[in-house]
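Peer 1: here is my input, please return the structure:
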Amino acid sequence: MVLQPASRRGARHTSSDVLKRFFSIADAWELSPLQQCRLLRIPSPQVLQRYRLGQAPRLSATQQERAALIANIQHSLSVERQPADRAWAWVHAPRKGAPFDGDSPLYFMLENGLPALREVARLLVRENEPR
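Peer 2: Okay, here's the model as predicted:
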């Protein structure tokens, strides 16, 4: 099977869906515009607002990966029969031990970028695996 690159129209549609999901999660996590910019590597809140309005260029591959990791983190925190605010609480509460060492997962991701997003997503997948 050979994978073909997405058409520009298809890529734009995918980017739009990714952004809608990201903004929904950002609202649920009560992220400030600056925090959203840092998580997606968007240069300013003004550019972020253009993305929210659908007036900015499509996301780069790295930005799409960042948004997908955030969606995966949210999904891992939203397993069935869990309180709706579990994700918010988990993201904002300080955590002992590696890799957080007393910081909140949000702070860890904001300070350490893409590697931290990957690490948090992997950590949650491991925690949710059946034992």
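
Peer 1: from residue 89, how far off is the residue nearest the centre of the chain?
Peer 2: The residue lying closest to the centre of the chain (CA atoms, centre = their mean) is residue 70, at 2.0 Å. Going from residue 70 to residue 89 by CB to CB, to the nearest Å gives 16 Å. The way it works is simple: take the backbone N, C-alpha and C, and place the C-beta from them, glycine included.

Peer 1: and what of residue 109?
Peer 2: In terms of CB to CB, residue 109 sits 16 Å off from residue 89.

Peer 1: which of these two has more neighbours?
Peer 2: The neighbour comparison of residue 109 against residue 89 (other CB atoms under 10 Å) goes to residue 109, with 26 against 10.

Peer 1: thinking that one is in contact with residue 121, fair?
Peer 2: No. In this structure residue 109 lies outside contact range of residue 121 using CB atoms under 8 Å: 9.7 Å.

Peer 1: residue contacts, the residue nearest to the centre of the chain?
Peer 2: Residues near residue 70 by CB atoms under 8 Å, 6 or more residues apart in numbering: 22, 25, 39, 117.

Peer 1: try residue 59
Peer 2: Per CB under 8 Å, 6+ apart, neighbours of residue 59: 15, 18-19, 40, 51, 67.
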